[in-house]
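>>> Just to be clear, the model below is a prediction. Sequence and coordinates:
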Amino acid sequence: MKKLVFMFVAMAAISFAACTETKAPETPVEEPVEAVVDSAAEVVDSAAEVVDSAAEAVVDSAAAAVAE
């Protein structure tokens, strides 16, 4: 029974401690949004090239399998 009381007291203490927590001020953004968008566009373009080449390889192998 003592263990249960201790557990409930501990949970209440943690709950009250969590309620009084103050958040730290937000840090300013170090990287502008335009730079993120530009780098994301580069990644998408390079991924599109990989997908296109993989699609061509699949089409070529499927055409070879049908031709046999």
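Noted; the coordinates are in hand.
>>> Every contact and neighbour count from this point should use C-alpha atoms.
Noted.
>>> residue contacts, Ser39?
By C-alpha atoms under 8 Å, 6 or more residues apart in numbering, Ser39 lies in contact with nothing.
>>> how does it look with 10 Å?
Contact analysis of Ser39 by C-alpha atoms under 10 Å, 6 or more residues apart in numbering lists Asp45.
>>> before we move on, what about Ala41?
With C-alpha under 10 Å, 6+ apart as the criterion, the residues that contact Ala41 are 35, 47.
>>> what's the distance between the host helix or strand of it and the middle of its chain?
Using DSSP states H and E, the element containing Ala41 is helix 33-67. Centre-to-centre, helix 33-67 and its host chain are 22 Å apart (C-alpha atoms, centre = their mean, to the nearest Å).
>>> Taking the centroid of this structure, which residue is nearest it?
Ala40 (14.0 Å; C-alpha atoms, centre = their mean).
>>> Just the local confidence number for it, please.
At Ala40, the pLDDT value in this model is 87.
>>> okay, and for the protein, where does confidence drop off?
Per-residue confidence of the chain (counting by pLDDT under 70) places the weak regions at 18-22, 29-31.
>>> how many neighbours does Glu68 have?
By the measure other C-alpha atoms under 10 Å, the count of residues near Glu68 is 5.
>>> Name the surrounding residues that touch the helix or strand Phe16 falls within.
Phe16 is part of helix 2-19 when elements are defined by DSSP H and E. Here helix 2-19 makes contact (C-alpha under 10 Å, 6+ apart) with Met1.
>>> Tabulate the CA atom coordinates of it in CSV.
Included here for helix 2-19 are C-alpha records, laid out as CSV according to Å, rounded to 0.1, in the frame of the first residue of the first chain:
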residue,chain,number,x,y,z
LYS,A,2,2.9,2.3,0.8
LYS,A,3,4.3,1.7,-2.7
LEU,A,4,1.0,2.8,-4.3
VAL,A,5,0.9,6.0,-2.2
PHE,A,6,4.5,6.8,-3.0
MET,A,7,3.7,6.2,-6.7
PHE,A,8,0.7,8.6,-6.7
VAL,A,9,2.7,11.2,-4.8
ALA,A,10,5.6,10.9,-7.3
MET,A,11,3.1,11.2,-10.2
ALA,A,12,1.5,14.3,-8.7
ALA,A,13,4.9,15.9,-8.1
ILE,A,14,6.0,15.2,-11.7
SER,A,15,2.6,16.6,-13.0
PHE,A,16,3.0,19.8,-11.0
ALA,A,17,6.6,20.2,-12.1
ALA,A,18,5.6,19.8,-15.7
CYS,A,19,2.9,22.5,-15.4
